[in-house]
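Trainee: fold the following.
(chains A and B)
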Amino acid sequence: DARVTQTPRHKVTEMGQEVTMRCQPILGHNTVFWYRQTMMQGLELLAYFRNRAPLDDSGMPKDRFSAEMPDATLATLKIQPSEPRDSAVYFCASGPGGQDNEQFFGPGTRLTVL
Amino acid sequence: AQRVTQPEKLLSVFKGAPVELKCNYSYSGSPELFWYVQYSRQRLQLLLRHISRESIKGFTADLNKGETSFHLKKPFAQEEDSAMYYCALGNAGNMLTFGGGTRLMVKP
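Mentor: Take a look at the predicted model:
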């Protein structure tokens, strides 16, 4: 049963530190998404890749956030420098693309910035 | 622009009562609608999608294009149904627009 994996599952860091979150999409999926989930805002799309190319990162704060796909098996989301307001659960999702819009979610990274 | 609205942030019902979680959408194209469920501190998982027209865990949802709705229904709620439910709208670009979510609490 193929699943999206994310590491770390939990991260506690201090304000100003760099945070890197990693995601392994399901093999064969060509779309990858990063979402942020908070109580106040719900699910927010941060970035979207298709065939490793960034297609939409309009939801991402550009000054401190960056998202990349170094290869087809790895997506990364970095925050530098981190701030307390970045505390949230960050989900990665992947999808087969094409005519199928279903997305498969990872378990999330729970980030706490002190 | 596409938009998904879930008007209730919280829905509380007693076990055995019927449940309806509302979802309305706006989209100029042909909509593809999904319901995702998130149990406590777990990943989101697909509950059902309108094109499959199947019932999962007793839940059903019918796409009503006239009312632009895709409400999720279950005739008899169970305690294990307590979770966060998200309605989502897909577009031709493989992106999903999520509603704000509804937390369902089923009381014993």
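Trainee: as a quick check, tell me the outermost residue of the chain.
Mentor: I went with chain A, as the question did not name one. residue A:99 (22.7 Å; CA atoms, centre = their mean).
Trainee: what sits against it?
Mentor: By CB atoms under 8 Å, 6 or more residues apart in numbering or on different chains, the contact list for residue A:99 is empty. For glycine as for every other residue, the C-beta is placed from the backbone atoms N, C-alpha and C.
Trainee: residue in chain B nearest to chain A?
Mentor: residue B:90 (3.2 Å; CB to the nearest CB).
Trainee: how close does the residue farthest from the centre of chain A get to residue A:23?
Mentor: According to CB to CB, to the nearest Å, residue A:99 and residue A:23 sit 24 Å apart.
Trainee: same question, residue B:83
Mentor: From residue B:83 over to residue A:23 (counting by CB to CB), the distance is 23 Å.
Trainee: who has more neighbours out of these two?
Mentor: Counted by other CB atoms under 10 Å in any protein chain shown, residue B:83 and residue A:23 do not tie: residue A:23 has more neighbours, with 25 against 21.
Trainee: so that one sits in a strand?
Mentor: Yes. Judged by DSSP: H, G, I helix; E, B strand; the rest coil, residue A:23 forms part of a strand.
Trainee: wait, it sits on residue A:106?
Mentor: Yes. Residue A:23 is in contact with residue A:106 according to CB atoms under 8 Å; the separation is 5.9 Å.
Trainee: list residues touching both of the two?
Mentor: Shared contacts of residue A:23 and residue A:106, counting by CB under 8 Å, 6+ apart, come down to A:4-6, A:92.
Trainee: most neighbours, which of those residues?
Mentor: residue A:92 (30 neighbours).
Trainee: just checking: what are the partner strands of the lowest-mean-pLDDT helix or strand in chain A?
Mentor: Lowest by mean pLDDT, DSSP states H and E among the helices and strands of chain A is strand A:53-56, with a mean of 90. Within its sheet, strand A:53-56 is paired with strand A:42-50 (antiparallel), according to DSSP bridges.
Trainee: tell me which residues are up against the strand it pairs with.
Mentor: Against strand A:42-50 from outside (CB under 8 Å, 6+ apart): A:30-38, A:54-57, A:59-60, A:65, A:67, A:69, A:75, A:77, A:90-91, A:97, B:86, B:94-95, B:98-101.
Trainee: try 6 Å this time
Mentor: A:31-37, A:55-57, A:59-60, A:67, A:69, B:98, B:100-101 (CB atoms under 6 Å, 6 or more residues apart in numbering or on different chains).
Trainee: any buried residues in it, and which?
Mentor: A:42-43, A:45-50 (16 or more other CB atoms under 10 Å in any protein chain shown).
Trainee: alright, calling it a day.
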